[in-house]
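Trainee: Test case, fold it:
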Amino acid sequence: MKSLDLRPLSVGEILDRTFTLYRGNFLLFLGICAIPQILLLIVNLAQVFITLPGKQGKTAAIAQMSAGMGVAAVMLGLLVLIVWLIVHLFAQGATVIAVSELYLGRTITISDSFRRMRGEAGNLLGVILLNGLATGAAFILLIIPGIYVMCRLAVCIPAALIENLGPRTSLERSFELTKDNAGRAFLIILLYFALSFAAGALFAAPFQFMMFLSAAKSHPETMRMWMALTQIGSTIATTLVTPVLTIASAILYYDLRVRKEAFDLQMMMNPLGGASPVPSSVPSVLS
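Mentor: The predicted model follows:
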């Protein structure tokens with residue numbers, strides 16, 4: 001694949017490149033996101049069919065809620081959380097790796113993306129957890145600071161994978177790159193949430209409405225069926241929309257490096273060298 005020209009981009013151009021790259025490599029990005037999402041769907045469906053009552057009546061359903069079922073529900077909930085974290089980690093990481101290769105004019109497959117991701121799993125887990133803690137702490141204070149921190153950390157995952165940085169340094173690097181550019185990151189994140197809402201309304205909301213209707217009429221078996229379909233619809237929506245944010249974040253990362261570090265000139269002088277090391281003086285914003 002021919003590499004895309006490295007130059008400063010407007011937000012509109014970043015989004016245009018995002019959809020161009022997604023459309024031109026649809027099966028690649030869909031496969032990267034779908035494979036881990038299917039694993040999460042299996043666990044979610046197991047939770048639906050194990051913890052919800054079947055054809056029994058309302059009284060029998062209440063009787064079923066024994067201590068054993070409560071423990072099982074908690075264990076399944078923890079399993080769902082762990083699987084979600086693994087899914088998020090591999091989908092994000094493999095997508096960023098694929099975008100980086102395609103953006104710089106190289107080719108890559110789904111298996112190659114996951115293979116290269118395996119060696120980065122532990123480090124990326126630390127990045128995601130530290131990112132979540134920083135963003136969560138900001139949201140506890142107020143909504144606006146939380147959104148601001150989320151925008152400033154928008155490129156921490158590309159920084160970690162492309163520059164081989166540790167969790168703390170990746171967050172500091174993202175803060176450095178997104179200085180005076182939080183608004184551009186916000187517009188990308190806003191588009192992602194709008195697309196997520198639209199996809200959820202299309203693929204999951206009709207089943208969710210029927211689920212609530214069945215619950216109101218005390219039809220647990222029917223409710224379980226609609227809940228399972230809701231999970232399937234949500235998985236389809238997530239699989240289709242998630243690559244948009246990850247691709248856009250990776251392109252924003254390259255754009256910020258072009259603007260602030262003349263990354264385009266670095267690539268012209270050393271086209272096989274890939275991303276240059278992080279500058280020696282990354283400001284500490286987490287201390």
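Trainee: measure Leu141 to Thr135 for me?
Mentor: Between Leu141 and Thr135 the distance, using C-beta to C-beta, to the nearest Å, works out to 11 Å. (Each C-beta comes from the backbone N, C-alpha and C, glycine too.)
Trainee: For these two, indicate the residue with more neighbours.
Mentor: Thr135 (19 against 10; other C-beta atoms under 10 Å).
Trainee: where in the stretch 151-287 of the chain is pLDDT low?
Mentor: Counting by pLDDT under 70, the stretch 151-287 of the chain contains low-confidence residues at 264, 266-287.
Trainee: wouldn't Leu6 be in contact with Leu256 here?
Mentor: No: taking contacts as C-beta atoms under 8 Å, Leu6 lies outside contact range of Leu256: 11.7 Å.
Trainee: more crowded one of the two?
Mentor: Neighbour totals were compared for Leu6 and Leu256, and Leu256 leads with 26 against 19 (other C-beta under 10 Å).
Trainee: so what's the more buried one up against?
Mentor: Residues touching Leu256, when contacts are defined by C-beta atoms under 8 Å, 6 or more residues apart in numbering, comprise 155, 177-178, 181.
Trainee: and it, what helix or strand is that in?
Mentor: helix 220-261 (DSSP states H and E).
Trainee: and if you look at Ala154?
Mentor: Secondary structure assignment for Ala154, by DSSP H and E: no helix or strand.
Trainee: and the residue nearest to it when sequence neighbours are not counted, how many neighbours?
Mentor: For Ala154, the nearest residue in space outside its immediate sequence neighbours is Ala185; the separation is 4.0 Å by C-beta to C-beta, 6 or more residues apart in numbering. Burial of Ala185, expressed as a neighbour count using other C-beta under 10 Å, amounts to 25.
Trainee: residues contacting Ala185?
Mentor: Under the contact definition (C-beta under 8 Å, 6+ apart), the residues listed for Ala185 are 151-152, 154-155, 178, 252.
Trainee: For those, work out which two are farthest apart.
Mentor: Across the contacts of Ala185, the longest distance by C-beta to C-beta is 12.0 Å; it joins Arg152 and Leu252.
Trainee: can you pull the contacts of Asp255?
Mentor: 8-9, 14.
Trainee: any idea how far it is from Ile147?
Mentor: For Asp255 relative to Ile147 (C-beta to C-beta), the value is 21 Å.
Trainee: again, but for Ala205
Mentor: Look at Ala205 and Ile147: by C-beta to C-beta, they are 25 Å apart.
Trainee: Regarding Asp180, what is its secondary structure?
Mentor: Three states are possible here, and by DSSP: H, G, I helix; E, B strand; the rest coil the one that applies to Asp180 is coil.
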